[in-house]
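Trainee: Quick check, what structure comes out for this input:
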Amino acid sequence: MKQATLILLVAAATMLPGCRKELPRADAPRPRIVTYSPALTTIVFAMGLGEHVVGVTAFCELPAGQERPVVGDCQNVSTEKFVRVRPDVVLIQQDPATLGAVRRLLPDARIEYFSLEKIENVAEAMERIGHLAGWPELGRRHRRAFEDKLAAVRKSVAGLPRPKVYFLTGANPPAVAGRESFLHELIELAGGEDLSGQFARWSRISVEHILRDRPDVIVCQAYEDADRAREYLATLRGVPAVENGRVFVVTDRRWTIPSACLADLAGQLAGMLHPELREGGAAK
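Mentor: Down below sits the predicted model:
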């Protein structure tokens, strides 16, 4: 009975106006994977497993030239679209309970939860995804490459002075990631003293915190209006980072997406914190 219901749902979905163009490739290799978070989508494609992906969220950014059906997001789960793409595995970061209806309609699909709060979690995810896709050595290889890049950055800043750093995930009002995040670890690994470590989690802070803590370096992610962020931060007179021209506004969304790109961003961050590395070409 369940199987018959599933077949009917799939047939009905394919006949809906405008839906046929959203169908994934019929020959997508198994396991057919839904990557239900921007971070997991980025990791899977970076590992060369994009051909397995048959569904993503509305917030996922795909490599140039790639398109996949959108099956929902963390707030809205489209069970109809999940049934349409027929995944074998669903990779998620959210509470598995939110996909209860999907589990009932697709009882054979594996729903795999990933915590990606720490840099180590990203390395673990690569290896685990390799196993889930049937390519364990691929997962181990990507994990080793990721960890080797991080180790190289850590070595390049060993023994250097540690500037006080605020990494803002918004300028006005300012926001930070906090000590329980991968961004905190990234700053420390790149040779900085993360001032946002005084806060536990992602949160907004007051301008008074910045004025009081007097960071040597400010990095601000502002992918929507970088010029406005620069103008606002320039008004924080008396802050060493501002006075010494060590305010960096970045527009890359990947800074707040825990994926393999963190290893490359760690090198960029080390160069921001330690100008001598940029001049000597040690941080890439």
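
Trainee: Next up, the contacts around Arg230.
Mentor: By CB atoms under 8 Å, 6 or more residues apart in numbering, the contact list for Arg230 reads 247, 249. Where C-beta positions appear, they are placed from N, C-alpha and C, glycine not excepted.

Trainee: one more time with 7 Å, if that's ok
Mentor: By CB atoms under 7 Å, 6 or more residues apart in numbering, the residues touching Arg230 are Val249.

Trainee: which stretches of the chain form helices?
Mentor: With helices called from DSSP state H, the chain shows them at 2-15, 38-46, 79-85, 100-105, 119-133, 136-156, 182-189, 207-213, 226-233, 240-243, 262-273, 275-280.

Trainee: Who are the packing partners of the second one?
Mentor: Counting by 3 or more CB pairs under 7 Å, 6 or more residues apart in numbering; DSSP states H and E, the packing neighbours recorded for helix 38-46 are strand 33-36, helix 119-133.

Trainee: Select, out of the ones you listed, the one closest to Leu105.
Mentor: For Leu105, the closest of the helices and strands packed on helix 38-46 is strand 33-36, at 13.2 Å, according to CB to CB.

Trainee: what mean pLDDT does that closest one have?
Mentor: Mean pLDDT, strand 33-36: 97.

Trainee: Could you report the neighbour count for Pro173?
Mentor: 10 (other CB atoms under 10 Å).

Trainee: ok, back up a step: and among the helices of the chain, the most buried is which?
Mentor: helix 38-46 (a mean of 24; mean count of other CB atoms under 10 Å).

Trainee: Now do that one against helix 136-156, angle only.
Mentor: 110 degrees (axes from the mean of the first three to the mean of the last three CA atoms, to 10 degrees).

Trainee: re earlier: can you redo the helices of the chain as a markdown table with distance to Arg68?
Mentor: Below are those laid out as a markdown table (distance: least, CB to CB, whole Å):
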| stretch | distance to Arg68 |
| --- | --- |
| helix 2-15 | 16 |
| helix 38-46 | 8 |
| helix 79-85 | 9 |
| helix 100-105 | 17 |
| helix 119-133 | 16 |
| helix 136-156 | 20 |
| helix 182-189 | 25 |
| helix 207-213 | 40 |
| helix 226-233 | 29 |
| helix 240-243 | 40 |
| helix 262-273 | 23 |
| helix 275-280 | 37 |
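
Trainee: quick one: which of those is nearest Ala58?
Mentor: helix 38-46 (9.8 Å).

Trainee: Give me the distance from that closest one to the chain's centre.
Mentor: 8 Å (CA atoms, centre = their mean, to the nearest Å).

Trainee: which residues sit against that helix?
Mentor: Here helix 38-46 makes contact (CB under 7 Å, 6+ apart) with 33, 35, 50, 53, 56-57, 59-63, 91, 93, 114, 116, 125-126, 129, 257-261.

Trainee: Tell me what angle it forms with helix 119-133.
Mentor: Inter-element angle recorded for helix 38-46 and helix 119-133: 60 degrees (by the same axes, to 10 degrees).

Trainee: Report the angle between helix 38-46 and helix 182-189.
Mentor: In terms of direction (the same axes, to 10 degrees), helix 38-46 departs from helix 182-189 by 60 degrees.
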